[in-house]
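1. Just to be clear, the model below is a prediction. Sequence and coordinates:
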Amino acid sequence: MKCNTPDCLGSHAPREISHQVIYRERTVIIHGLPADVCPDCGDMVLTEETTIHLDGLLKATARSKSTVLTYECG
Ligand SMILES: [Zn+2]
């Protein structure tokens, strides 16, 4: 998949990344998150399925004090 960044000639490739998000004023780190990442500029794209699943994980995390998640599918 071609990169979205203007003037970048890179091509996104699937990777597992560690991603930091702010959720309800807390910083949460997700390890093992599947994403398409551009090796040239670092642009990152999550699939809609991943975004929805991640949202569910964050909601579950909001009830605990944990700020580090491991993305698990299924
Ligand atoms: Zn790029």
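-> Sure thing, it's come through. Numbering: from 1, shown residues only.

2. Quick one: mean pLDDT over stretch 12-22.
-> Averaged across stretch 12-22, pLDDT comes to 95.

3. buried residues in that stretch?
-> 12, 17, 19 (16 or more other C-beta atoms under 10 Å). All C-beta atoms are positioned from the backbone trio N, CA, C, and that covers glycine.

4. cool, and stretch 31-49?
-> The neighbour-count check on stretch 31-49 (16+ other C-beta under 10 Å) flags 33-38, 43, 46 as buried.

5. is that stretch anywhere near the ion?
-> Yes: counting by C-beta under 5 Å from the ion, the ion is contacted by stretch 31-49 at 38, 40-41, 43.

6. Could you verify my assumption that residue 9 touches residue 38?
-> No: counting by C-beta atoms under 8 Å, residue 9 sits too far from residue 38 to count as a contact (9.7 Å).
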